[in-house]
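Engineer: pasting a predicted model and its sequence here:
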Amino acid sequence: MTRLLRAEWTKLRTVRGWMAGLVLAALLIVGFGALFAAAGHSSCSRGPVEVPCPVPPLGPDGLAVEDRFYFVHQPLDGDGTITARVASMSGQIRLPDATPGVRNVVSGLVPWAKAGVMIKESTEPGSPYAAVLLTGAHGVRMQYDYTEDLAGAGPSGAPRWLRLTRAGETITGEESPDGARWTRVGTARLPGLPARVRVGLFAASPGDIRVTPNTLGGSAASSRFAEATALMDGVSVRGAATGGAWSRDDVGAEVNPDGSVHHPGGLVRNGEEFAVTGTGDIAPNTTQSTIERSLIGSLVALIVVIVVAVLFVSTEYRRGLIHTTLLAGPRRGRVPVAKAAVVGGVTFVLGLAATAVTPALARRIGRGNGVYTLPVSTFTELRVVVGVAALLAVAAVFALALGTLFRRGSMAVVTAIVTLVVPYALAIASIVPDEAARWLLRLTPAAGFAIQQSLPEYAHVTGLYAPAAGYFPLPPWAGFAVLCAYAALALGLAAYRIERRDA
Amino acid sequence: MDATIEVSGLRKRFGRTLALDGMTFRVLPGRVTGFVGPNGAGKSTTMRVVLGLDAPDEGRALVGGRPYRSLRDPLRHVGALLDAGALQPSRSGRDHLLWLAHSQGLGAGRVDEVLGLVGLAPAARRRAGGYSLGMRQRLGIAAALLGDPPVLMLDEPFNGLDPEGIVWIRGFLRELAAEGRAVLVSSHLMSELEDGAGHLVVVGRGRVVMDVGVAELIAGASHDRVTVRTSARSQAMAALAGAGATVAAGDREALVVSGLPADRIVAVLGARAVPFSEVSAHRATLEEAYLDLTRDAAEFRGAAR
């Protein structure tokens, strides 16, 4: 097998056009990445003034977060407890103006509008927190550190008693229908939480996101401003340093040029009753550019790789050279396997060189244009970088197997593109209905593109989780496994056919 | 491994055509065996079966006592030239040999050796797509020799070669056989094997028509005829006919006499005082012998038409 591999490697490297094609594929990835980053531009305005877009805060694990809400709080030193009853929640949504210039505001709560009690390291956006809260439509939840969300067991509506207890780095959330019988919702560990934290009441409401079908059959999302107001009473705080005056903060708010807060929240206090109004969300940030966008060139590179991989075997059939190959390696089933290993291996190495440098390059160019790329964990970045290179390599194996099966270059190239590139292009271009796009990305080899998705879907964040927005129906490794299964099946068939049939 | 090819009872059907119909023969070391027959007689199919490219419906083919597909590093056992045009045009001749060498665990040194052997070294680094037919045949022979195999099989190696090339291959094959190799060379033209082969396997319609030594075949086809050279042809013809021989006029001063042994011819001509310059046993050409032999084969007539 070693000799067969070496022979196939010699074959591949001695045809200049093939090596040039694979190098070109790698350069296309880098080139498209740089090009798209250079062409993209993002700017923000504060009133009539154009300003650099604010960089989103980073959460405790280094990922970008949204951290915008209204916070009524006190200091707490060491262990302690906060209890409050959410008596009612209401909200407002601003719909598109029916009469130009006249605000069209309706009352209503978005499903993930939230209010409740919170313990937070500081009022600095992005700092660690834990909260137990009531939502617009998802009942009682315990949420902490932006990505974690635990559902409570009780009935969903107000009124509802909520309690948070801090013991060291551990915070326990509880709920109760009457303030007497308590049920635990969840426990959060906030590593490194300092002794002095802030404890208090909060309210927030993400925008009203509506997904509508577009004219081609896909869908589009639009977001409208929404705010939520919670009436809370029965507030009690126990612990060192508590009992003083309540501070108020519009955490993470934008400030208008005149110094006023854009979309301010607020507190109306009536004796022991707190009416807290807030907008925004406390959640992972999913609205900026992603790392996989910098690898957009891999789609074009894929076509080049497919063509080279097919030619690597189909020219042998066309020239009759396959007979020479089989004479040299009469254990024939190994021949397509060796060819696949060589073309897949070379594609992987060149692809990896390209995918490794492109995200950093695109991030740097993008930063100059005001485009912010969401940071991801090292593991995720590695998965995307290595995964896209592996995607190209497995696609090369798939194409080579098709070339061996069909023995005709054109048919194999068309089949590979129709099963791998076309479904993905249809799905991300949002020109088929979302559900159809999802099935395409489950059933066809194009499922493998899931390996590049860097942001997970968050159940507690409303968004357009469609292929067009970069969200795949299968988890990254599962989608990649689908592509691998297709490649393995095709390669197995090719090996079987070449073993059994007269050459 | 012993240098033999053994083919026994091969049958192979392609659709409605019976390509091989009980093909049986042996190729022994130390001589060039010509594998002759009209186009479509089953020569290439037999070679492809021996090389494991096609599977026979019946029968078996062994190289050195083993099926080809069971050989490890097969090019070190058998060198084959099937289709000299089977090349990737954008790859150089040397690189073509290089990947073959790597597939057998051989290095670039051996590649340069065989390139020298076939006289292709000057063109070795050029694209194979630009090679003439003769250069491709030489490259194909170089590929067959790469593993220094005891058995060589060449399918129509003379095709498209200029006379110089044909002479070169004949001599080259004789040398290879003299080194103790078994060499099987197919051709549809007997004349190409003249002076080349020491043994012939003649096939038609998928089976062996004759398996014979070249000397034996020519002797058989010569039918004890005698060539007489004389300046007095008509006198000689009359004298020999009178003595009971059948006489045919050959070219210019030659007569081909049958039915009378050479010593009697000399006696008859001497007695009549007919001058002659030569009396010798007539030697048929390989081509004559072959045509003699295959005259009755319907398929051959069909092919010749």
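Structural biologist: Looks like it came in fine. Residues are numbered from 1 along each chain as shown, chains lettered A, B, ... in the order given.

Engineer: which residue comes closest to the residue of the stretch 101-250 of chain B found nearest chain A once chain neighbours are left out?
Structural biologist: Going by Cβ to the nearest Cβ, chain A is nearest to B:S103 of the stretch 101-250 of chain B, at 3.5 Å. Quick note: C-beta positions are derived from backbone N, CA and C, even for glycine. Spatial nearest neighbour of B:S103, chain neighbours left out: A:A7 (3.5 Å); criterion: Cβ to Cβ, 6 or more residues apart in numbering or on different chains.

Engineer: wait, isn't that neighbour in contact with B:G105?
Structural biologist: No: in this structure, A:A7 is not within contact of B:G105 by Cβ atoms under 8 Å, at 9.7 Å.

Engineer: more neighbours, the two?
Structural biologist: Counted by other Cβ atoms under 10 Å in any protein chain shown, A:A7 and B:G105 do not tie: A:A7 has more neighbours, with 25 against 15.

Engineer: in which helix or strand would I find that one?
Structural biologist: helix A:2-13 (DSSP states H and E).

Engineer: list the beta-bridge partners for B:R127.
Structural biologist: Taking DSSP bridges as the rule, B:R127 bridges to B:S92.

Engineer: next one: A:R94
Structural biologist: A:V105.

Engineer: list the contacts for it?
Structural biologist: Counting by Cβ atoms under 8 Å, 6 or more residues apart in numbering or on different chains, A:R94 touches A:R103, A:N104, A:V105, A:R224, A:F225, A:A226.

Engineer: from A:Q453, how far out is it?
Structural biologist: From A:R94 across to A:Q453, the span is 32 Å (Cβ to Cβ, to the nearest Å).

Engineer: residues of the stretch 1-150 of chain B that sit close to chain A?
Structural biologist: Within the stretch 1-150 of chain B, the positions near chain A by Cβ under 8 Å from any Cβ of the partner chain are B:48, B:51-55, B:68-71, B:73-75, B:80, B:82-83, B:85-92, B:95, B:98-100, B:102-105, B:143.

Engineer: can you select the buried ones among those for me in ChimeraX?
Structural biologist: A single ChimeraX command is used to select the members of those judged buried by 16 or more other Cβ atoms under 10 Å in any protein chain shown:
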select /B:48,51,52,53,54,68,69,71,74,75,80,82,83,85,86,87,88,91,92,95,98,99,100,102,103,104,143
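
Engineer: among the residues of the stretch 1-150 of chain B next to chain A, which ones are in helices?
Structural biologist: B:R48, B:D95, B:L98, B:W99, B:L100, B:H102, B:S103, B:A143 (DSSP state H).

Engineer: so who does the last one touch?
Structural biologist: The one in question is B:A143. When contacts are counted by Cβ under 8 Å, 6+ apart, B:A143 touches A:T324, B:G79, B:L81, B:H96, B:L97, B:L100, B:V114.

Engineer: which one of the residues you listed is nearest A:A490?
Structural biologist: A:T324 (23.8 Å; Cβ to Cβ).

Engineer: and the helix or strand hosting that closest one, what does it pack onto?
Structural biologist: Assessed by DSSP H and E, A:T324 sits inside helix A:321-328. Contacts defined by 3 or more Cβ pairs under 8 Å, 6 or more residues apart in numbering or on different chains; DSSP states H and E place helix A:321-328 against helix A:298-319, helix B:93-103.

Engineer: go again using 10 Å as the cut-off
Structural biologist: Here helix A:321-328 touches helix A:2-13, helix A:298-319, helix A:334-368, helix A:476-500, strand B:78-81, helix B:93-103, helix B:133-145, going by 3 or more Cβ pairs under 10 Å, 6 or more residues apart in numbering or on different chains; DSSP states H and E.

Engineer: only the C-alpha atoms, please, for the shortest one, written as CSV.
Structural biologist: If I follow you right, that is strand B:78-81. Extracted C-alpha coordinates of strand B:78-81, given in CSV (Å, rounded to 0.1, in the frame of the first residue of the first chain):
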residue,chain,number,x,y,z
VAL,B,78,6.2,-9.8,-15.8
GLY,B,79,6.8,-6.8,-18.0
ALA,B,80,4.0,-6.0,-20.4
LEU,B,81,3.4,-3.6,-23.3
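
Engineer: centre of the chain versus that strand, how much separation?
Structural biologist: Distance, stretch centre to chain centre, for strand B:78-81: 15 Å (Cα atoms, centre = their mean, to the nearest Å).

Engineer: over to the second one?
Structural biologist: Distance of helix A:298-319 from the chain centroid (Cα atoms, centre = their mean) equals 32 Å.

Engineer: same question, stretch B:160-167
Structural biologist: 14 Å.

Engineer: now do stretch A:51-70
Structural biologist: Centroid separation for stretch A:51-70 versus its chain: 16 Å, with Cα atoms, centre = their mean.

Engineer: and the end-to-end length of that stretch?
Structural biologist: Terminal residues of stretch A:51-70 lie 25 Å apart, using Cα to Cα, to the nearest Å.

Engineer: try stretch B:82-96
Structural biologist: 15 Å.

Engineer: wait, A:D249 sits on A:F71?
Structural biologist: Yes: contact criterion Cβ atoms under 10 Å: A:D249 and A:F71 qualify, at 4.8 Å.

Engineer: so where's the stretch 51-200 of chain A uncertain?
Structural biologist: For the stretch 51-200 of chain A, applying pLDDT under 70 flags the ranges A:154-156.

Engineer: now for A:A167, how many residues are close by?
Structural biologist: Neighbours around A:A167, by other Cβ under 10 Å: 12.

Engineer: need the contact list for residue 181.
Structural biologist: In the absence of a named chain, chain A is used. Applying Cβ atoms under 10 Å, 6 or more residues apart in numbering or on different chains, one finds that A:R181 lies in contact with A:W161, A:E175.

Engineer: um, chain B though
Structural biologist: By Cβ under 10 Å, 6+ apart, the contact list for B:R181 reads B:3, B:29-32, B:79, B:145, B:148-152, B:173, B:175.

Engineer: out of the contacts of A:R94, which are buried?
Structural biologist: Buried subset of the contacts of A:R94 (neighbour count, 16+ other Cβ under 10 Å): A:R224, A:A226.

Engineer: look up how far A:F36 lies from the residue of the stretch 101-250 of chain B closest to chain A.
Structural biologist: Distance from B:S103 to A:F36, by Cβ to Cβ: 43 Å.

Engineer: what's the first-to-last distance across stretch B:225-240?
Structural biologist: Start-to-end span of stretch B:225-240 (Cα to Cα) is 13 Å.

Engineer: in that stretch, which residues are buried?
Structural biologist: Residues of stretch B:225-240 classed as buried: B:R225, B:V226, B:T227, B:V228, B:R229, B:T230, B:A232, B:R233, B:A236, B:M237, B:A239, B:L240 (neighbour count, 16+ other Cβ under 10 Å).

Engineer: between all of these, which two are separated the most?
Structural biologist: Longest span within these, Cβ to Cβ: B:R225 and B:A232, 20.1 Å.

Engineer: and the closest residue to chain B within the stretch 151-300 of chain A, how far from A:V30?
Structural biologist: Proximity of the stretch 151-300 of chain A to chain B (Cβ to the nearest Cβ) peaks at A:V300, 23.7 Å away. Applying Cβ to Cβ, the value for A:V300 to A:V30 is 12 Å.

Engineer: domain ranges for the chain?
Structural biologist: Just going to use chain A. As assigned by automatic domain parsing, chain A contains the domains A:2-39+A:289-500, A:57-284.

Engineer: wrong chain, I was asking about chain B
Structural biologist: Using automatic domain parsing, the domain parsing of chain B gives B:5-219, B:226-281.

Engineer: just name the most buried of these.
Structural biologist: For the domains of chain B, the largest average neighbour count (mean count of other Cβ atoms under 10 Å in any protein chain shown) is found in domain B:5-219, namely a mean of 20.

Engineer: how long is it end to end?
Structural biologist: Start-to-end, domain B:5-219 (Cα to Cα) is 27 Å.

Engineer: so which residues of the chain form helices?
Structural biologist: Since no chain was named, I'll use chain A. Under DSSP H, chain A gives helices at A:2-13, A:16-39, A:298-319, A:321-328, A:334-368, A:378-406, A:409-416, A:422-428, A:434-443, A:476-500.

Engineer: was after chain B, sorry
Structural biologist: Going by DSSP H, chain B shows helices at B:43-50, B:93-103, B:108-117, B:133-145, B:163-178, B:190-193, B:214-222, B:233-242, B:262-272, B:286-294, B:298-304.

Engineer: lovely, talk soon.
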